[in-house]
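Participant: the sequence and its predicted three-dimensional model are supplied below.
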Amino acid sequence: MKHSPNISPQFYITGNQPCPYREGFLERKLFTTLNGQKAQSLNDKLSQQGFRRSQNIIYRPNCQKCNSCSSVRIPVENYEFSKSDRRILRKNSEVKRYACAPWATEDQFDLFKNYLKSRHYGGGMSEMDNYEFSSMIEESNVSTTVYEYYQEDKLVAVSLTDTISDGLSMVYSFYDINLSKSSLGKFMILDHINIVRELGLRYLYLGYLIEESPKMKYKRHFSPLEQYFKGKWIPYNNEAQVKKNNSFIPPDRNPISLP
């Protein structure tokens, strides 16, 4: 009788690269691939441990001299819309949401390029062409939905979103930068809180919050908020986070549990 070996996913560490969020710092990532029959369960388990998906790769920061990236999520059961939240929802009351299969379109790509030119010019994604954009949207071996948002007949926002066992993970989102007064970025997060509730799930995973980066610290305005730290989810506290950043904790302090 032959027994097939139980092959666990193989993890790898990238080389050091300039950090896109903190000038003068280097970033390094721990990653594995999402392939085969266990791709969905692996995405579930690792997303719940601070990992993020990019196409068929799932990764977590593994930097040698920096703790700034905090993986955060919103526990939607305890989230109450603030006056500011309700104002944003009212502003966008005419925006319609459509759940689509992960299929890239020209309208999405045009919106994406204009967004990058305004918000992330010179970043690692700013030179993406149509083919690379299609790969970002379509290459997924897990449960992925593209949520398109339309104002009248115009596409104004898009979110690439994964469904995992206990919530939704917003992989990447972008919007019409000419509608800045509509706060479409925050609106999509608020709308995803509603989607999580509609699906009977518990959490909305937002990716990484970086206090030192103006582009990445806006997520701290959502409360309650949790961060993954030392192998568990704890309430987010921005003052404690700054202290953590100033007293480096080696990356191997966050153990990995596999399905």
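Facilitator: Okay, I see it.
Participant: average pLDDT for the longest strand along the chain?
Facilitator: With secondary structure taken from DSSP state E, the chain has its longest strand at strand 154-164. Across strand 154-164, the average pLDDT comes to 98.
Participant: what element comes up after the host helix or strand of residue 41 heading to the C-terminus?
Facilitator: When elements are assigned from DSSP states H and E, residue 41 belongs to helix 39-47. Sequence-wise, the next helix or strand downstream of helix 39-47 (DSSP H and E) is strand 52-54.
Participant: parallel or antiparallel, list what pairs with the following helix or strand past that next one.
Facilitator: Reading on from strand 52-54 to the C-terminus, the next helix or strand found by DSSP H and E is strand 57-61. Paired strands of strand 57-61, with direction, are strand 29-33 (antiparallel), strand 52-54 (antiparallel) (DSSP bridges).
Participant: mind putting the ones you listed into TSV with distance to residue 229 and mean neighbour count?
Facilitator: C-beta: built from backbone N, CA, C; applies to glycine. Formatted as TSV, the strands paired with strand 57-61 follow (distance: least, Cβ to Cβ, whole Å; neighbours: other Cβ atoms under 10 Å):
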stretch	distance to residue 229	mean neighbour count
strand 29-33	16	18
strand 52-54	16	20
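Participant: kindly reformat these as CSV containing mean pLDDT and distance to residue 20.
Facilitator: Output for these, formatted as CSV (pLDDT from 0 to 100; distance: least, Cβ to Cβ, whole Å):
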stretch, mean pLDDT, distance to residue 20
strand 29-33, 95, 12
strand 52-54, 96, 13
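Participant: would you turn the ones you listed into TSV with distance to residue 220?
Facilitator: Listed next are the strands paired with strand 57-61 as TSV, based on distance: least, Cβ to Cβ, whole Å:
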stretch	distance to residue 220
strand 29-33	23
strand 52-54	18
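Participant: for residue 234, see how far away residue 101 is.
Facilitator: Distance, residue 101 to residue 234, using Cβ to Cβ, to the nearest Å: 36 Å.
Participant: assign a three-state SS to the nearest residue to residue 43 once chain neighbours are set aside, would you?
Facilitator: Take residue 43 and drop its neighbours on the chain: the residue closest to it by Cβ to Cβ, 6 or more residues apart in numbering is residue 142, 4.4 Å away. With DSSP: H, G, I helix; E, B strand; the rest coil as the basis, the three-state label of residue 142 is coil.
Participant: for residue 142, the count of nearby residues, please.
Facilitator: Under the neighbour criterion other Cβ atoms under 10 Å, residue 142 is assigned a count of 21.
Participant: do the same with residue 131
Facilitator: Applying the criterion other Cβ under 10 Å, we find 9 residues in the vicinity of residue 131.
Participant: phi first, then psi, for it.
Facilitator: Backbone torsions of residue 131, given as degrees, to the nearest 10, read phi -70, psi -40.
Participant: which ones are touching residue 62?
Facilitator: Shown in contact with residue 62 (Cβ atoms under 8 Å, 6 or more residues apart in numbering): 13, 28, 29, 30, 251.
Participant: not counting its neighbours along the chain, what's nearest the fourth one?
Facilitator: With Cβ to Cβ, 6+ apart as the measure, residue 62 is the residue that lies nearest to residue 30, at 4.0 Å, once sequence neighbours are left out.
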